[in-house]
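Participant: Next come a sequence and a model predicted from it.
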Amino acid sequence: MPGKESKASSVTIIDWPAAIHRALKLQRVGQVSYVPDAGHKRLIELCHADKDMAVVPLTTEEEGIGLAAGAWLGGERAVLLMQSSGVGNCVNALTLAANCKFPLLMLVTMRGEKGERNPWQIPMGQATPETLKLGAVRIFRLDQAAEALDTVSAAARLAFEDCAATAVTISQRLIGIKSFREEP
Amino acid sequence: MSARLHRRKVVKALLENRGGLLVIAGLGSSAWDCTAAGDHPLTFPLWGAMGSACMMGLGLALAQPKRRVLVVTGDGEMLMGLGSLATIGAQRPRNLAVVVLDNERYGETGMQKSHTGYRVDLAAVARACGFADSRIVRNSTEAAALRVGVHRGRGPLFYQVKVRPETLPLMLPPRDGAYLKHRLREALLGRKAATD
């Protein structure tokens, strides 16, 4: 349930992927494309289970920019899910947003932030905000689970109502740090 | 080398009496070919974003399942987005056809040989990705069947059309991307496209 809160001992857990799914529904998003990331696992599952969403797995992130442009030509709204490592792949395709003002909504799960355990994730993770800015993409940072619905809705409104390119960057703290240890 | 067909004749035959056909044209010669056949509001010619033509076609085909969607592009543009053939193969849209005008050259940059000139078989790649039909078209008899497939066949369809490596007069479509976007949406969706 979107926004549902359950109390485990004293910790409040908010189902933020469900809140994002809710935001996408409210914004009438009909096409969901993704290169998978562990941080998007639940959202991807929710979208696959949603009969009103066409879900398109991609081989590389820039495919999603073209897909979103084609969807818009056909009167449909799209979202593109990826992790920050994929942002650099999108740069040339972002000309579709810059030149044609195609709406673009990207949800980017961050790697390479505080606590990252894989040093190979750090260069692209750290360069993600600058890379998005180079492509004229407006950035909305999501740090708190409770703000997921509002933040994604705001980015989606700017994208679809004002034909802008937007990205919600989802903090690595929110997703959880990959430990590289076998869980018992 | 077996390139025989004239690219502009192939495209003109495909786009004659096109009905409600929606067209994405890959950057460079393919876009000029579509313009030579007649600039049309339901054609979106690309001037950049190389490698994106097939994915735009897929997004459009999924959004408009009752319309036929055709991607016309070149071998170089297709090679840059080879993964999109796998992505289309996973979706299997029935209303999508891809026509690659294969001159085995990068025509806009000095006619350098492309991978298809080194015997890379794009049609075999598309077949392996799960396209419903995928073939190499080399002569005018096969080109006639192409039109039937594009307008009526069950997709996704892939045609690698071997064309002559000729340099033709430039036939440029409008360059303003926002205009190209608006005119297609208005022609397809009506006036409400501007406010929806």
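Facilitator: Done, it's in.
Participant: who in chain B is up against chain A?
Facilitator: Within reach of chain A by Cβ under 8 Å from any Cβ of the partner chain, chain B has these residues: B:22, B:24, B:44, B:47-64, B:67, B:81, B:83-84, B:86-87, B:90-91, B:177-178, B:180-181, B:184-185, B:188-189, B:193, B:196. The way it works is simple: take the backbone N, C-alpha and C, and place the C-beta from them, glycine included.
Participant: tell me which element the nearest residue to A:Q27 once chain neighbours are set aside is part of?
Facilitator: Nearest residue to A:Q27 in three dimensions, chain neighbours excluded: A:A156, at 4.1 Å (Cβ to Cβ, 6 or more residues apart in numbering or on different chains). In this assignment (DSSP states H and E), A:A156 forms part of helix A:148-162.
Participant: Would you mind pulling the contact partners of that helix?
Facilitator: A:2-3, A:14, A:16-17, A:19-20, A:22-24, A:26-27, A:29, A:77, A:79, A:103-105, A:107, A:138, A:140-142, A:164-168 (Cβ atoms under 8 Å, 6 or more residues apart in numbering or on different chains).
Participant: so what does the helix-or-strand element of chain B with minimal mean pLDDT touch, helix or strand wise?
Facilitator: Least confident helix or strand of chain B, by mean pLDDT, DSSP states H and E, is helix B:140-152 with a mean of 92. With contacts taken as 3 or more Cβ pairs under 8 Å, 6 or more residues apart in numbering or on different chains; DSSP states H and E, helix B:140-152 sits against helix B:7-15, strand B:96-102, strand B:133-137, strand B:157-162.
Participant: Okay, now the unreliable bits of chain A?
Facilitator: A:1-12, A:183-184 (pLDDT under 70).
Participant: returning to that earlier point: tell me the helix or strand right after the helix holding A:A156.
Facilitator: Next along from helix A:148-162, by DSSP H and E: strand A:165-170.
Participant: Return that next one as CSV; C-alpha atoms alone will do.
Facilitator: Extracted in CSV, the C-alpha atoms of strand A:165-170 (Å, rounded to 0.1, in the frame of the first residue of the first chain):
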residue,chain,number,x,y,z
ALA,A,165,14.1,16.6,-18.7
THR,A,166,14.1,15.7,-15.1
ALA,A,167,15.9,13.2,-12.9
VAL,A,168,15.1,12.1,-9.3
THR,A,169,18.4,11.0,-7.8
ILE,A,170,17.6,8.5,-5.0
